[in-house]
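**Q** Sequence first, predicted model second:
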Amino acid sequence: MDIKILDSWLRDYLNTKATAKQIARYLTLCGPSVEKTQKVGEDAVYSIEVTTNRVDCASEMGIAREAAAILPIYDIAAKYTPNKSVGNYKYSDKVGYLIASIDFSLCQRFSAVLVKNVKVGQSPKIIRDRLQKTGYRSINNVVDISNYLMHEMGQPVHTFDYDKIKDHKMILRKSKRGEKITTLDGSSFTLKGNDIVIEDGTGKLIDLCGIMGGESSAITKDTTNVLVFIQRYNPINIRKTSMSLAQRTEASFLFEKGIDPELVGPSMQRAIKIFKKITGGSVSDTILDIYPNPKRKKSVTVEYSMINSLLGKQIDKKSVLKILEGLNFKTSIKDNLLLVTPPSYRSDDINIPQDVVEEIARIYGYSNLDSRLMAGDLPDKLPNSPFEFELILKQYFKGVGGYEIYSNSLVSNQEVISNALSLTNPLGEDQKYLRTSLMPSLLSAAKANTSYKDKFLLFEMANIYIPIRDNLPNEKVFLAGIFVDFDYRNAKGIIEAFLNSLHLDYEFVAQDFADYSPNKHLLIKAKDQDIGHFGYVNKNMIYWEFETTLLQKYHRDYLAYKTPAKYPAQIEDLSLILPRRTKIGEVIKTIYSSSGKIADVQLNAIYKDVYTLRIHYQDSKKTLTDSEVEQIRKRLLARIKSKYSVVLKP
Amino acid sequence: MKNDIQSIKSEAVAQILEAKNISELEDIRISYLGKSGKIASFTKNIKNLPPEEKKQVGVIINETKNTLLKLIAERKNALSTSTREWFDPTVPGRKPPVGHLHIVTQAIKQISEIFENIGFVRVRYPEVEWDWFAFEALNMPQDHPARDDWETFIVDQKPNDKLGRVVLTPHTSSGEVREMFRVKTPPIRMINISKCYRRQSDVSHVPMFHQFEGLVIDKNISIANLKGTLDYFVKNFFGEDRKIRLRPYNFCFTEPSFEVDISCAVCGGRGCKLCKEGWLELGGAGMTHPNVLKNGGLDPKKYTGFAFGWGVERAFMMKNDINIPDIRILYSTDLNYLKQF
């Protein structure tokens, strides 16, 4: 959480000659980060980020305590100057002016005091001024004191108009689902249950605890008797309420981080002092303080050697003790063991030796620690690591002019198979399902670019998620792409050359497949396993995909060496007339199978029904004579004539 | 007259082809194509021709003029480039198609190479993950905000008795304990790069993004090693002139925990609009919490370690010259954007 700290107010609790700039700098290095320091007249306002474990810092007092521990490390004298306790007040768990019944699982400490005959009016200038500089709006002295105390000490303080609490009775309990309350800002809420609430003697809700007070018991200009109210609430309930009602008040921020119950006492003392002084009210002699299970002190034992080994540097015992004492930690040393007892406001955060090491390290200064790479053995490499291979695949498609995209794995219901995994809390219906194919994503990316004038190729490598009953889904990495406005032969050639570049033995099988246009799909197989698809998905887009683990499995980095052919091939072009609806791929296959001496067949040109093939005849043992070539040619022509009625163009 | 024009033309062509230098060529031009040249005299005589011939002769004169002009220009070019073979190097090239790898791919490549150079092993773990690996094993209490429905996507599936709900992993830290299970006996130097998901979308957040997670576990691993590793990465990824600093922070799965800042490239660390007093937040890091080591089956008395998990996109956008104002632009599929990188 971010807080604003006023330099002059901070110095109520901190006696130091450090400049604002120094304070900002050293706090950031060793404690809560000061993100900005702004000059306000003679004064300065620090914007400070307090981490969730350090709610004890979220106040003028808390920052002063930190600064007092940090500044002396940089040779700047600084002393924390806490409030002195005031007057002789009695504390009791029963008082005449309020009957309270409390669920202690919701509220660990409940305290209140009655202040009579207050005069509601404007706050003194110093209070208004300080509140305004730290981001509050001045309302009236009673409300201002609550904010002033909360900001100064980090303890939310609430005030009720005492005379509006029916029967002067409070029952603090969990809310029931459907209960309603109107808060003092006029908003009405229907509660979901398990919120911390207080009902009065008539059963009416008068406080949405830790979030905002009820409208019915709010302070007005006519208020004369005020109940000052300081509690320690269960942080989990507060967070749930504040999130579910979207009411993120400063009080809720503090409560949900778990405030030290020991802070209630000093805050009450301070409240009494200010109330008396500013409102002229008279405070009851007895303070209601119900605190059945006071917080226990706890200690952590740290091996001294562990401090040095975790820091990677030798720090002498004297410095260690000085740092811890500066933080108000009690310490004792026995041989190599250090016994550390943190103050109550830190005890939730300090549980294990590493927590103590963190305190030492941060105050010592992370920038004062060494920087060096690890010595020691290197780990083994990952067996069958896919990453280098995946990059090679991507680079091929970049090389042929493809554009890589990253699209969202979360898609709509229309874009997945029927049993796809879905989310219980999607950001929208269009992002509710985990995709089971990359096709819909690539199609919509392609369609979004149709105003583009030239042909283009988009591709993506990403997981698809195939559900498995009662288990995590199978996450398969797919490489997929879409050719837009490409000539079919060019597109297919890019895929053929891709597979050739992987030295992969593949086969195209023409057969229809879901989501592809009829008659326009090829299944791609390697050793009888389906490794990919290629085909038209509409009239100008050709989609293709491969499962990359299968490409990796069937690919070869290189092939075994083959002696280059010693004897040259005889090459000739044959122009064939194909009857309509004859598949040229099958004709070529048949030509290959007609003789072992046909080394290569290329389709050179298509003109109407005439297909010109360039045939390479070759024998590894000798140069073929013309008559030998003629015999092979005759056989191949006979074969394709009988099978497909394909004849040579006259 | 037609024949006259033809013979003058032949005569001129012969002279042009035989011209030895540019001034000779200029003389030829004036004598044939000049104001009072031979061709002009034909033009003047057109008016004396019978009407049916006028048009025809006009066409012939024009053709002749054009032919001679072209020949003179060619001869001029030939003379000025002397005896060399004529070649025009200014003709625009015919480009092969040039594709683009997405900048996330480029960033991941750079990041993994830097860490692989210092012995890290790149791995990848599930994006759809058990709550146990994503949170519980990382020492995150049941009521931790990250485990709330409003921060992490929950998969609609029956929870497992031991491993809990199925979630979309909100961070690559889920791979830490998986890596400990895989390796079993340290040393571990892991770099885990994967897609992550969080319920957020604004100028600096997208619901799907990438993180890279470093994890080092061995005997005697210290904060000094963490600093050494991060220094090495930052110098190699961002440049020698960039510095890092660690600030105290708080994470459940590390103790101590740090926020890592990098010096701002725009102002050089003096402080500007883009940064906080000269520094930019890079991400979290810390010394692996003993509970996390225990959950990974390692003895925290014997081994210590450190981890860091940062956004790939975020780190890339902090390079000094990229200037992408909104992270969501990174995921555009518009060709005009894709072609830029």
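**A** Nice, thanks for sending it over. Numbers count the residues shown, from 1 in each chain, chains lettered A, B, ... in the order given.
**Q** Relative to A:Val320, how far out is A:Val357?
**A** 10 Å (CB to CB, to the nearest Å). C-beta: built from backbone N, CA, C; applies to glycine.
**Q** and what of A:Glu49?
**A** 27 Å.
**Q** next one: A:Arg177
**A** Applying CB to CB to A:Arg177 and A:Val320 gives a distance of 53 Å.
**Q** out of the two, which sits in the more crowded spot?
**A** Ranked by neighbour count (other CB atoms under 10 Å in any protein chain shown), A:Arg177 and A:Val320 place A:Val320 first, with 24 against 10.
**Q** Now do the buried residues in the helix or strand that one falls within.
**A** Applying DSSP states H and E as the criterion places A:Val320 in helix A:317-326. Using 16 or more other CB atoms under 10 Å in any protein chain shown as the test for burial, helix A:317-326 gives A:320-321, A:323-324, A:326.
**Q** Other residues contacting it?
**A** A:68-70, A:72-73, A:304, A:307, A:331, A:333, A:338, A:340, A:356, A:359-360, A:363-364 (CB atoms under 8 Å, 6 or more residues apart in numbering or on different chains).
**Q** For that helix, output the C-alpha coordinates as CSV.
**A** Included here for helix A:317-326 are C-alpha records, laid out as CSV according to Å, rounded to 0.1, in the frame of the first residue of the first chain:
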residue,chain,number,x,y,z
LYS,A,317,28.8,-9.9,16.1
LYS,A,318,28.9,-6.3,17.4
SER,A,319,27.4,-4.9,14.2
VAL,A,320,24.7,-7.6,14.2
LEU,A,321,23.6,-6.8,17.7
LYS,A,322,23.7,-3.1,17.0
ILE,A,323,21.4,-3.5,14.0
LEU,A,324,18.9,-5.7,15.9
GLU,A,325,18.8,-3.4,18.9
GLY,A,326,18.2,-0.5,16.6
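**Q** List the buried residues for the helix or strand that that helix is followed by?
**A** Proceeding N to C from helix A:317-326, the next assigned helix or strand is strand A:330-334, under DSSP H and E. Using 16+ other CB under 10 Å as the test for burial, strand A:330-334 gives A:Thr331.
**Q** Over to stretch A:203-219?
**A** If you call a residue buried by 16+ other CB under 10 Å, then stretch A:203-219 has these buried ones: A:205-219.
**Q** and what of stretch A:480-492?
**A** A:480-486, A:491-492.
**Q** Can you give me the distance of A:Val601 to B:Asn21?
**A** With CB to CB as the criterion, A:Val601 and B:Asn21 are 59 Å apart.
**Q** These two: which has the busier surroundings?
**A** Of the pair A:Val601 and B:Asn21, A:Val601 is the one with more neighbours under other CB under 10 Å, namely 16 against 9.
**Q** Looks like the more buried one contacts A:Ile588 (just checking).
**A** Yes: counting by CB atoms under 8 Å, A:Val601 touches A:Ile588, with 5.1 Å between them.
**Q** Can you name the residue of chain B nearest chain A?
**A** At 2.4 Å from chain A, B:Pro97 is the closest residue in chain B, using CB to the nearest CB.
**Q** Nearest the geometric middle of chain A, what residue?
**A** Centroid-nearest residue in chain A: A:Leu427, 14.5 Å away (criterion: CA atoms, centre = their mean).
**Q** tell me the SS of that residue?
**A** coil (DSSP: H, G, I helix; E, B strand; the rest coil).
**Q** Same question for B:Glu313.
**A** helix.
**Q** which residues sit in contact with B:Asn330?
**A** Actually, residue B:330 is Leu rather than Asn. B:Leu330 touches A:406, B:103-104, B:206, B:313, B:317, B:324, counting by CB under 8 Å, 6+ apart.
**Q** nearest to A:Ala20, of these?
**A** B:Met317 (31.8 Å; CB to CB).
**Q** what's near enough to touch that closest one?
**A** B:Met317 neighbours (CB under 8 Å, 6+ apart): B:324, B:327, B:330.
**Q** let's see 7 Å
**A** By CB atoms under 7 Å, 6 or more residues apart in numbering or on different chains, the contact list for B:Met317 reads B:324, B:327.
**Q** And for B:Asp334?
**A** A:448-449.
**Q** what about it, distance to A:Phe456?
**A** B:Asp334 is 12 Å from A:Phe456, by CB to CB.
**Q** Kindly report the same for B:Ile217.
**A** 46 Å.
**Q** Show me how the record splits the chain into domains.
**A** All of this refers to chain A. Residue ranges for each domain of chain A read A:2-80, A:90-290, A:300-367, A:387-554, A:570-648, as given by automatic domain parsing.
**Q** oops, chain B please
**A** B:2-80, B:103-338.
**Q** Quote the end-to-end distance of the first one.
**A** Domain B:2-80 stretches 34 Å from its first residue to its last (CA to CA, to the nearest Å).
**Q** From the chain's centroid, how far away is that domain?
**A** Remark: domain B:2-80 is offset 59 Å from the chain centroid, using CA atoms, centre = their mean, to the nearest Å.
**Q** Ok, the last one next?
**A** If you compare the mean C-alpha spot of domain B:103-338 with that of the full chain, they lie 22 Å apart, counting by CA atoms, centre = their mean.
**Q** Which helix or strand contains the residue nearest to B:Asn220 when sequence neighbours are not counted?
**A** Once flanking residues are discounted, B:Asn220 sits nearest to A:Ser309: 5.9 Å by CB to CB, 6 or more residues apart in numbering or on different chains. Applying DSSP H and E as the criterion places A:Ser309 in helix A:304-311.
**Q** can you state the direction angle for that helix and strand A:330-334?
**A** 110 degrees (axes from the mean of the first three to the mean of the last three CA atoms, to 10 degrees).
**Q** other SSEs contacting helix A:304-311?
**A** helix A:353-364 (3 or more CB pairs under 7 Å, 6 or more residues apart in numbering or on different chains; DSSP states H and E).
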